[in-house]
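K.L.:
attaching a predicted model along with its sequence, questions to come.
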Amino acid sequence: MTTMASFIYSWRFTFMFMAIMVRTVFAMPIYRPSPWAQAYATFYGDETASETMGGACGFGNLITNGYGTDTAALSSTLFNNGFACGTCYQIRCTRAKQCYNTFTTVTATNLCPPNWSKDSNAGGWCNPPRVHFDMSKPAFMKIADWKAGIVPVYYRRVPCIRNGGVRFSFQGNGYWLLVYVMNIGGGGDIASMWVKGSKTGWISMSHNWGASYQAFATLGGQSLSFKMTSYTSKETIIAWDAAPPNWQVGLTYKANINFH
Ligand SMILES: *[C@@H]1O[C@H](CO)[C@@H](O)[C@H](O)[C@H]1NC(C)=O
């Protein structure tokens, strides 16, 4: 065998080996955009988006918690009992003369509840099975003239771009820890979650409402770690020691890890 042939052979082998290594080390489940689909959009509140604060996801003040004013309330068909809290959507107006030729990205922070006293095609826009976005007025004004009231839209799920790590806002008491999970990147959603005190094993948390998860456990005086699995991408991440031993309810703790 010539030296050249064996060189090429071994080089090719090395390259293949490296490619497999790179894939193994860096292969992270990454949330990918969904195909475009059709829905309708309206808006609620005014230009200040103050009416969007609070909301059925439990994100509280959307400005201080990093979501800004580009948010939407989802019809229950999309809301999925709160599992869609924190998910992100690109939305663009279509087939209406009030459409602007632009799209905007919103985060789901609220539920648009059904109103069965209105017809689904006359005001009951959020009645199942309708797929509907009740957007903040600032977000709606980016895709259409607000005077349109309701417009047909195209939308797709997109990865959520967030600054920094996942945030945990604590409520509850000495025997019950209720955690609002915020600022989630990637798919933006959580399917299951566990908490681990520095003196305990992993304790499964149950979904409470919106983006909150709870554990009935005595965890005071222990540093707390959280393990979370994404609802959509199934990626699991662990935020080790996200809260220090002197953690308190009413405070928000920031992890240095996030979903992709
Ligand atoms: C539902 O619609 C009715 C009829 O328009 C209205 O009077 C009522 O306030 C609505 N309910 C809610 C919860 O918005």
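P.N.:
Structure received. Computed from a predicted structure; not experimentally measured.

K.L.:
what does this protein have sitting close to the ligand?
P.N.:
When proximity is defined by C-beta under 6 Å from any ligand atom, the chain lies next to the ligand at 115, 117-118. Yep, even glycine has a C-beta here, placed from its N, CA and C like the rest.

K.L.:
from those, pick the one nearest I30.
P.N.:
Taking C-beta to C-beta as the measure, N115 is the one of the residues of the chain next to the ligand closest to I30, at 37.9 Å.

K.L.:
so what's the nearest residue to that closest one once chain neighbours are set aside up against?
P.N.:
For N115, ignoring the flanking residues on the chain, the nearest one in space by C-beta to C-beta, 6 or more residues apart in numbering is G124 at 5.3 Å. When the contact criterion is C-beta atoms under 8 Å, 6 or more residues apart in numbering, the partners of G124 are 114-118, 130.

K.L.:
returning to what we had before: kindly reformat the residues of the chain next to the ligand as JSON lines containing neighbour count, pLDDT and secondary structure.
P.N.:
As requested, those are arranged in JSON lines below (neighbours: other C-beta atoms under 10 Å; pLDDT from 0 to 100; DSSP: H, G, I helix; E, B strand; the rest coil):
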{"residue": "N115", "neighbour count": "13", "pLDDT": "97", "secondary structure": "coil"}
{"residue": "S117", "neighbour count": "7", "pLDDT": "97", "secondary structure": "coil"}
{"residue": "K118", "neighbour count": "13", "pLDDT": "97", "secondary structure": "coil"}
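
K.L.:
any idea how far the residue in the stretch 101-250 of the chain that the ligand sits nearest to lies from K254?
P.N.:
For the stretch 101-250 of the chain, the residue positioned closest to the ligand under C-beta to the nearest ligand atom is N115, at a distance of 3.7 Å. N115 sits at a distance of 38 Å from K254 (criterion: C-beta to C-beta, to the nearest Å).

K.L.:
swap in L111?
P.N.:
Applying C-beta to C-beta to L111 and K254 gives a distance of 26 Å.

K.L.:
next SSE after the top strand by length along the chain?
P.N.:
Counting residues, the longest strand in the chain under DSSP state E turns out to be strand 103-112. Downstream of strand 103-112, the first helix or strand assigned by DSSP states H and E is strand 132-136.

K.L.:
mind listing what's buried along stretch 186-197?
P.N.:
Within stretch 186-197, the residues scored as buried using 16 or more other C-beta atoms under 10 Å are 186-190, 193-197.

K.L.:
correction: the previous question concerned stretch 236-243.
P.N.:
Within stretch 236-243, the residues that qualify as buried are 237, 239, 241-243, counting by 16+ other C-beta under 10 Å.

K.L.:
need those in JSON lines with secondary structure and pLDDT, can you?
P.N.:
Formatted as JSON lines, the buried residues of stretch 236-243 follow (DSSP: H, G, I helix; E, B strand; the rest coil; pLDDT from 0 to 100):
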{"residue": "I237", "secondary structure": "strand", "pLDDT": "97"}
{"residue": "A239", "secondary structure": "strand", "pLDDT": "98"}
{"residue": "D241", "secondary structure": "strand", "pLDDT": "98"}
{"residue": "A242", "secondary structure": "strand", "pLDDT": "98"}
{"residue": "A243", "secondary structure": "strand", "pLDDT": "98"}
